[in-house]
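Visitor: Only the shape, not the letters, is given here:
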């Protein structure tokens, strides 16, 4: 009987470790609405990669590691920060209890505006091969802070995004959309241009 108890204990511990790793690195998300059509449809389920935007605090780590002193700095991304064209999930700035999914078009320090449906970044038109239909919307210029991103839905006519409420703070970003896993007949990776 001790051998069986040991095997059960090992299986439970392994399951707990796997659960913790999954909970901290990936998350599932259900698309609500049509703001990201044709890239994403309402009702689809996504796998969101949270590990990509994990913040690494060197100063805090240096307190735990003897004989190493990290320079004082704010936490930074352990991997790459969000890039233009990526589809991300974030906490809606006006109600952080809600999660939105949109495409990043503006990066920290840039000025973004929309004229006649054309996104201008620092005065230059942004190529957007993922759009099937352009709209004629306008949005005034917005200069992003050092930790802010400008996001827009691919279905511009039906998207509540940075054109209406402004920038997304870096701390609101949950993760990068990685995979559509439901419905089964439409499983695919979500590419960034």
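Guide: Everything's here; your move. Since this is a predicted model, take the numbers as computed values, not measurements.
Visitor: Am I right that residue 48 is in contact with residue 89?
Guide: Yes - with contact defined as CB atoms under 8 Å, residue 48 and residue 89 form a contacting pair (4.9 Å). Where C-beta positions appear, they are placed from N, C-alpha and C, glycine not excepted.
Visitor: Mind listing the shared neighbours of the two?
Guide: Taking CB atoms under 8 Å, 6 or more residues apart in numbering as the contact rule, residue 48 and residue 89 both touch 27, 29, 174-175, 177.
Visitor: Please indicate which of these are buried?
Guide: Listed as buried from the shared contacts of residue 48 and residue 89 are 27, 29, 174-175, 177; burial here means 16 or more other CB atoms under 10 Å.
Visitor: just the residues you listed now: which is nearest residue 8?
Guide: residue 27 (29.0 Å; CB to CB).
Visitor: which residue packs closest to the closest one, ignoring adjacent ones?
Guide: residue 48 (4.7 Å; CB to CB, 6 or more residues apart in numbering).
Visitor: And for residue 173?
Guide: Residue nearest to residue 173 in three dimensions, not counting chain neighbours: residue 90, with 4.8 Å by CB to CB, 6+ apart.
Visitor: thinking again about what came up before, now, the shared contacts of residue 48 and residue 89 that are in strands?
Guide: Those of those mapping onto strands are 27, 29, 174-175, 177, per DSSP state E.
Visitor: any chance you could map the strands in the chain?
Guide: 26-30, 45-49, 55-56, 76-77, 87-91, 99-106, 111-115, 118-121, 124-125, 139-143, 148-152, 168-169, 173-182, 188-189.
Visitor: per-residue confidence averaged over the last one?
Guide: Average pLDDT, strand 188-189: 84.
Visitor: which secondary structure elements does that strand contact?
Guide: Packed against strand 188-189 by the contact rule (3 or more CB pairs under 8 Å, 6 or more residues apart in numbering; DSSP states H and E) you find strand 173-182.
Visitor: Who are the packing partners of the strand it packs on?
Guide: So strand 173-182, by 3+ CB pairs under 8 Å, 6+ apart, packs with strand 26-30, strand 45-49, strand 87-91, strand 188-189.
Visitor: pretty sure residue 49 is touching residue 178, no?
Guide: Yes - using CB under 8 Å, residue 49 is in contact with residue 178, at 4.4 Å.
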